[in-house]
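K.L.:
I'll drop the sequence and a predicted model, then ask my questions.
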Amino acid sequence: MIFTSQSGITDPTQEPQWAQWYVEHLRIMRTVDGITSAERFQTKALGWPPSLAMYSIRSPEVFVDPYYQKIRGMGPWLNLIDKRFYQRNLFEGTEQANIMAPEVPAGSVLVVTDQTQPALGLQEPTFEGVTFTWLRAVGLDQSTPYRGICVMPHARALDLPTRADVALYIPAQPA
């Protein structure tokens with residue numbers, strides 16, 4: 001399963017400190033039994049949450065684990081979280097329930113789209129040659145019924161046409 005937490009902060013001058021905090025937060029999250037990966041991404045796409053953290057989790061039981069309950073959340077940043085962008089979703093694959101977050105190597109981006117059905121627009125199977133892995137929201141906020149994700153080289157992603165329903169998320173780097 002894939003757990004995502006999307007957010008942004010209201011004070012852009014605090015971005016470098018928030019980025020540093022997030023590095024340690026992801027390291028700690030990876031110590032939770034049942035969380036096998038944790039990575040953070042950023043976008044400048046208008047209307048999209050600027051920050052996306054993506055985790056591979058074994059099952060929803062992770063969320064009731066006492067240790068997880070103790071370390072989860074935005075900690076000292078809670079008062080600066082921009083509520084417009086704060087979304088937490090639990091996804092399973094439309095093809096298989098036990099899907100894991102993809103690795104996004106250096107020089108690549110995560111292409112993300114949120115849709116009401118597992119397709120873009122008029123049911124096209126691909127977008128400019130991009131084949132999405134479709135995820136269905138099954139828990140938490142369920143801010144979108146379906147999310148399409150695809151990893152591709154950054155240079156190739158820059159050639160994609162701009163669409164309001166597609167965002168490019170780059171792996172976050174500590175400040």
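P.N.:
Sure, I can see it. Numbering: from 1, shown residues only.
K.L.:
okay, the one helix or strand Ile28 maps to in PDB with CA atoms only?
P.N.:
Per DSSP states H and E: Ile28 is located in helix 15-29. C-alpha atoms of helix 15-29 as PDB (Å, rounded to 0.1, in the frame of the first residue of the first chain):
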ATOM      1  CA  GLU A  15      11.400  26.200   3.900                       C
ATOM      2  CA  PRO A  16      15.100  25.400   4.500                       C
ATOM      3  CA  GLN A  17      14.500  24.500   8.100                       C
ATOM      4  CA  TRP A  18      11.400  22.500   7.200                       C
ATOM      5  CA  ALA A  19      13.400  20.600   4.600                       C
ATOM      6  CA  GLN A  20      16.000  19.700   7.200                       C
ATOM      7  CA  TRP A  21      13.400  18.600   9.700                       C
ATOM      8  CA  TYR A  22      11.700  16.400   7.000                       C
ATOM      9  CA  VAL A  23      15.000  14.500   6.300                       C
ATOM     10  CA  GLU A  24      15.100  13.400   9.900                       C
ATOM     11  CA  HIS A  25      11.300  12.800  10.000                       C
ATOM     12  CA  LEU A  26      11.500  10.400   7.100                       C
ATOM     13  CA  ARG A  27      14.400   8.600   8.700                       C
ATOM     14  CA  ILE A  28      12.300   8.100  11.900                       C
ATOM     15  CA  MET A  29       9.200   7.000   9.900                       C
END
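K.L.:
Show me which residues of the helix or strand just after it are buried.
P.N.:
Next helix or strand after helix 15-29 toward the C-terminus (DSSP H and E): strand 35-42. Buried residues in strand 35-42, counted by 16 or more other Cβ atoms under 10 Å: Ile35, Ser37, Ala38, Glu39, Arg40, Phe41, Gln42. Where C-beta positions appear, they are placed from N, C-alpha and C, glycine not excepted.
K.L.:
and what of stretch 168-175?
P.N.:
Leu168, Tyr169, Ile170, Pro171, Ala172.
K.L.:
so what's the fourth one up against?
P.N.:
Residues in contact with Pro171 (Cβ atoms under 8 Å, 6 or more residues apart in numbering) are Glu39, Arg40, Phe41, Val104, Ala106, Ser108, Val109, Leu110.
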